[in-house]
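**Q** Predicted model and sequence follow; I will ask about them next.
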Amino acid sequence: METTRKCNKIIWKLKIFFYAFLKEWLGNFCLGIGIFSLFFFFAESSKIFELALLVAGSSLSVFLGSLGYLYAQYWMTVAGFICPMALLLGIALTMARLHEDNELIALESLGAAVHKHLLALLAVLGAVLSACLFPLIHHAGPLARLHLKRFAYEGRDIAKNFRVEPQTWIDLGRTQIFAEEVTGNRLNKVVIYSSRDQNASNAEQKFPYKVTGSSAVYRIQEDAEGKPGLFLRVFSGKLDYPDLTEPGNLTTCSFATYENTLPLLPPAQHELSPREMVSRELKKAAGDSLQHRLELESRHALAISPLALALACGLVTVKLRRRSKGFGFGLALAMLGAYWLLLVLATSVKEPWMANPAFLSLSWLLSLLLAP
């Protein structure tokens, strides 16, 4: 009877302990998600803002929508790195807190094998996160990376996103356009510099010609070959044209209406890289391409990394005694640095799968050294 009562007491204590552990870990895990997400966002924010501005122009609502879309897609591409790091940080901070409050010593004094139960819990947490990350790393992440590249490609497509901003020079390669005021597709006080003339041959002029007009209208249209172009009609202005017979001299003439169509060249097409292919497509190409095989194996290693990081952090931290949360934070960063270094080294020798077993082995040796 006494033994049964003692076992029930231990089980009750363990339930309370695990509930408190999970509650503390969840807060630290979310903290890690925020910290590491901001770290990745800071590294790419300038490019993301540039793309959003390129597409939105002066429209604030389009800019904010584009910004939200880009950040969401970018987070999907790096979530496979963020979540394992947040998991390890959460475990290290939680274990440091338990050591600081002597929770583990209290449970050990009751005769509970708390370390074994704790490692089992950490293994479950790592396995659950690995299962959640598997479709993200193998499918959603590569698709998000492809969406980002397509967004950047379409954002640089002048024919789809052409707009004239007031008091801003628009550079179209051999033609530059400036307007003091812009209302829809109507421009006021227009200046155009160009090195090509519609009425002359296609040979490039040595000196550009200059068109100034009181107003102008424009529209995007396709030529007979289906190529996009910018049609411009300028009203009440003058044309300064290079004199081909006397280089360096200009001929000036006035006009009531001047029309010209400027070519809008699309950006170069992008090729699909291995990082933008879902794993199903990578498997088909892995037999003939070392680059595709390494990308596929790296994804497998990354998907399993939460389990390896959880077990490794558990092995090390259960051997530590009274420590602060600051020490736990430093330990988490050190272990993260060691893991990514091993992953890079394993990938450099064309065996990415070796990173997880090597990291677990090093952590096991370290836990033996820390044993009292």
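**A** Alright, I've got the coordinates. Residues are numbered from 1 along each chain as shown.
**Q** Flag every buried residue along the strand or helix carrying residue 301.
**A** Residue 301 is located in helix 290-317, with elements delineated by DSSP states H and E. Neighbour-count burial for helix 290-317 flags 292-317 (criterion: 16 or more other CB atoms under 10 Å). Backbone N, C-alpha and C define where each C-beta goes, glycine included.
**Q** pLDDT of it, averaged?
**A** Throughout helix 290-317, pLDDT has a mean value of 90.
**Q** Then stretch 182-197?
**A** Here the average pLDDT along stretch 182-197 is 79.
**Q** and that stretch, how far from the chain's centre?
**A** 37 Å (CA atoms, centre = their mean, to the nearest Å).
**Q** what residues does it touch?
**A** 164-166, 174-181, 202, 204-205, 208-219, 232, 234, 237, 241, 260, 262 (CB atoms under 8 Å, 6 or more residues apart in numbering).
**Q** Narrow those to those that are buried.
**A** 164, 175, 177-179, 205, 208-213, 215-216, 218, 232, 234, 237, 241, 260, 262.
**Q** Point out where this structure drops to low pLDDT.
**A** Scanning the chain with the threshold set as pLDDT under 70 gives 1-14, 57-58, 101-113, 153-161, 195-208, 223-225, 243-248, 265-271, 321-325, 371-372.
**Q** residue boundaries of the helices in it?
**A** Using DSSP state H, the helices found in the chain span residues 2-56, 60-100, 103-109, 114-135, 141-155, 158-161, 279-286, 290-317, 325-348, 355-370.
**Q** Give me the buried positions along stretch 46-57.
**A** Neighbour-count burial for stretch 46-57 [16+ other CB under 10 Å]: 48, 51, 52, 54, 55, 56.
**Q** quick one: contacts for residue 70?
**A** 48, 51, 52, 148, 151.
**Q** Kindly report the same for residue 345.
**A** residue 355.
**Q** Please report how far it lies from residue 249.
**A** Distance of residue 345 to residue 249, computed by CB to CB, to the nearest Å: 68 Å.
**Q** circling back: kindly reformat the helices of the chain as TSV containing distance to residue 190.
**A** Formatted as TSV, the helices of the chain follow (distance: least, CB to CB, whole Å):
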stretch	distance to residue 190
helix 2-56	23
helix 60-100	25
helix 103-109	75
helix 114-135	53
helix 141-155	26
helix 158-161	18
helix 279-286	49
helix 290-317	50
helix 325-348	55
helix 355-370	60
